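> Predicted structure and sequence below. I'll ask about it afterward.
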Amino acid sequence: MTAGSSLAESADQREIVLRFEDGVEKRITVNGGEYVLDAALRQDIPLVHQCRSGSCSTCVAQLVEGELRMDPARAYSLIPAEVAQGKRLLCSAYALADSVIHFDYPSDLLDEPGPELFVAKVEEAEMISDTVVRLVLRTPRGIDFSFQSGQYIRVNVPGIDQWRSYSMASLPRDLPKLEFLVRIIPGGAMSEYLTGRCEAGDELEVEGPLGAFILRDSAAPHIFVAGGTGLAPMISMLDTIRRRPGVNPPMLLSFGCASDSQFFYRDEVELRAAWMPQLRLRLSADRVEDPESGLLQANPVAVLEPGDVTDPETVAYLCGPPRMIEAARERLAALGVRPEHIYAEQFVAS
Amino acid sequence: MGVAARKVSAKAVSPHREYEPYLEAKWGLKNHWYPAAFSHEVPDKLVKGIMIAGHEIALRRGKGGKVYALADRCAHRGVLMSKKSMPLTDEHLTCWYHGYTYGLEDGILKTILASPDDAQIGKVRIRTYPTHEKNGMVWVFVGDEDYKPVPPLTSDLPMRIPKDYDPNPVAYILDDNTFVRGIHRTGDSNWRLAVENGFDPGHILIHYDNQLIAATDRKLALGWQPNAPEAVELMDLPEGPKGIMNRYDPHLKLYNYINENAVTGMKVYGKQEYYTRTSMWVPGVLLVEHWPVTNWAQYEFYVPVDDTHHEYWEIIVGHCNSEEERKEAEFKYTNFFEPLCLYQFNNCDLFAREAMQDFYEKMDGWNQEQLCKLDAVVVGWRKLAARFNRGIQEPPPRFSHNG
């Protein structure tokens, strides 16, 4: 079967088992010609998703058995190697057989309130390096909005009506303030807004919370790998861990930027290491011009060492550009981290 | 006002942020051992109620003399069980109101006096706290109920002073053959102000005209000014206590003993050189070696009660190897240490902390204070507490609305 039309026209109803990280299973039926995500939503199972067009990868799931075929009529963001590993984007996948799929998030994430649409106000925007803006928004009074460390929101760029996604660097307890790290890209829509027209009090349309990249409960060692503004959810997670009951796990944060002059938030990560004796830092930049900087000339994946993974239960959180995520997955798996203990959020610069 | 993101000059991290978790610790540090009562305050038939870091705790001596600590509020109608003792057996805590009766060991509801077949029995439970009793003091581990493993009490006490720190080390509060006596009273200030006063090398000015100093002709100085980074030593003992010590040791010469002030003509009158040394330990325990007199030690605990009160514990500790020595120690304690030192001398400290309270509670003192060279030690303590606490105590639910 190759043609998209024949897939969409197939009339057979299939049964799909949805298996979540916490072991909970749910069952749905998918009609012929129906995307799996649409079927789940129709049956009141709000699987984590966002764009519904095959681009954002938020609805990614792992095929365990059966057959799910990506819609060949759509351009989607999985690379062939990922499809070969059984990854599927459910917003664009048809069921060709009864199947079992696995989600790397717990089922109780589905019980969380869904994303809200609201208008937030700009409170602060400051350039903390040549390429990064720290943006603080304030949520309006009276909305029912919260989130978990690691999640993100979408922001509509004023005047342009394009959406951009940013992970919260702040904590739910900091609400109504929301803090973000935004990478400035010449010509980028949000970048031009933030460095040009942005005014305190500006109203931005926001949707959130989104994403299944959330901090899990685990006493095992934690490895955080962050590239550039991928640091934002890590800051939120570290601050959550510090305030969580119980003994802090051993933690390693490997954080890298493109160059030492672009390195940002060093004081912020060093503060967290000062507050938590369990946290070790490995700070790097691809290009180090000032040898006095104390940064490793490398990327945040290359600096991971065999000694960093001594516990088979080690969990890893990755946030950065897709290439970094892939490299980190491979490296960590080679060092002995179980693939199902690696959680990732990738972002695309825009 | 526009905020279009402009490059801001690299600003130094505010010094406050280096100890931000400490500033959050209005209600104390959790998952630490705190003194809860003297042994004689928990007699067999009494339910003794205390509050530590917002936790309402009932102490009750049970089978074999062991002291148990349980949540003081009865699960039934929420009264404090310690308001009226009802000692029926040495295995149970019975509420005086409707007779809910909990097991001392596990906090589980074992019976209800007039409803012995009730469906609630075996299901309802109140939480328990680990305890330890030694040398006339009862300690409770206060914090998250599921905090595991519970660290040893020694990790929350000053270190045992080793010989290389002092050829003549003072006694250790948990050792056998040790004299341990003292008092505790409630201070009207946040616990952190009490800690910071306790070993602030600039605070001794408040003792300038104290009777103990005048009577013993001690040269206590107007203040001790640190002159090198080594003046303050960080004690980070693996698996052990975390502390910070003022190295007042005379041979190290790490402090300038400021005995007079030229601008005002003020000077100290005492002639007798006197050596003492102070150290502060997480979660807020002061050790003053060779105080009130040489070879003795004074321990002080500044136990958070709520956000505006602390329980001030002053304990005299000394070596005591025979009945004769104990009698002599009792005599000294009763007629000298307690009245003249714990009350008369340390009243000045209580006065000073309470005088700080309004500023720090109501006038943004943590951000408005203007510290000087004398305060390096205080800042050192704040960082230590920010780093080595086992958690910041959240306000109890009944207070959380006003944080």
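Yes, it's here.

> my guess is residue A:293 meets residue A:263, correct?
Yes - the criterion here is CB atoms under 8 Å, and residue A:293 meets it with residue A:263 at 7.4 Å. Backbone N, C-alpha and C define where each C-beta goes, glycine included.

> Could you check which of those two is surrounded by more residues?
Regarding residue A:293 and residue A:263, a neighbour count based on other CB atoms under 10 Å in any protein chain shown identifies residue A:263 as having more, with 20 against 16.

> tell me the contacts of the more buried one?
A:129, A:257, A:283, A:285, A:293, A:295 (CB atoms under 8 Å, 6 or more residues apart in numbering or on different chains).

> where do the helices sit along chain B?
Taking DSSP state H as the criterion, chain B contains helices spanning B:20-23, B:191-199, B:211-216, B:323-332, B:347-362, B:365-368, B:376-388.

> which one of the contacts of residue A:263 is nearest chain B?
Of all those, residue A:129 has the smallest distance to chain B: 8.5 Å, by CB to the nearest CB.

> backbone phi and psi for that closest one, please?
Backbone torsions for residue A:129, taken as degrees, to the nearest 10, come to phi -160, psi -180.

> Likewise for residue A:232?
According to degrees, to the nearest 10, residue A:232 has phi -50, psi -60.

> And for it, the neighbour number?
27.

> Surely it and residue A:167 touch.
Yes - counting by CB under 8 Å, residue A:232 sits close enough to residue A:167 to count as a contact (4.5 Å).

> quick one on the thing from earlier: output the helices of chain B in JSON lines, with distance to residue B:313, mean pLDDT and mean neighbour count appended to each entry.
Below are the helices of chain B laid out as JSON lines (distance: least, CB to CB, whole Å; pLDDT from 0 to 100; neighbours: other CB atoms under 10 Å in any protein chain shown):
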{"stretch": "helix B:20-23", "distance to residue B:313": "21", "mean pLDDT": "96", "mean neighbour count": "20"}
{"stretch": "helix B:191-199", "distance to residue B:313": "10", "mean pLDDT": "95", "mean neighbour count": "25"}
{"stretch": "helix B:211-216", "distance to residue B:313": "19", "mean pLDDT": "90", "mean neighbour count": "14"}
{"stretch": "helix B:323-332", "distance to residue B:313": "19", "mean pLDDT": "97", "mean neighbour count": "13"}
{"stretch": "helix B:347-362", "distance to residue B:313": "12", "mean pLDDT": "96", "mean neighbour count": "16"}
{"stretch": "helix B:365-368", "distance to residue B:313": "24", "mean pLDDT": "92", "mean neighbour count": "12"}
{"stretch": "helix B:376-388", "distance to residue B:313": "18", "mean pLDDT": "93", "mean neighbour count": "21"}
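
> okay, those helices in TSV with distance to residue B:294 next?
Shown next, in TSV, are the helices of chain B (distance: least, CB to CB, whole Å):
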stretch	distance to residue B:294
helix B:20-23	34
helix B:191-199	19
helix B:211-216	11
helix B:323-332	13
helix B:347-362	21
helix B:365-368	37
helix B:376-388	23
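
> Could you name every residue contacting both of residue A:293 and residue A:263?
Residues touching both residue A:293 and residue A:263 by CB under 8 Å, 6+ apart: residue A:285.

> domain ranges for chain A?
Taking automatic domain parsing as the reference, chain A has its domains at A:4-109, A:113-210, A:222-346.

> Just confirm yes or no for the second one near chain B.
Read it as domain A:113-210. Yes - Domain A:113-210 reaches chain B (CB under 8 Å from any CB of the partner chain) through A:122, A:124-128, A:130, A:133, A:135, A:184, A:194-200.

> Produce a PyMOL select command limited to the buried residues of those residues.
In PyMOL syntax, the buried subset of those is picked out as below (16 or more other CB atoms under 10 Å in any protein chain shown):
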select buried, chain A and resi 122+124+125+126+127+128+133+135+184+194+195+198
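
> Among the residues of domain A:113-210 next to chain B, name the ones in strands.
Secondary structure from DSSP state E places A:122, A:124-127, A:133, A:135 of these in strands.
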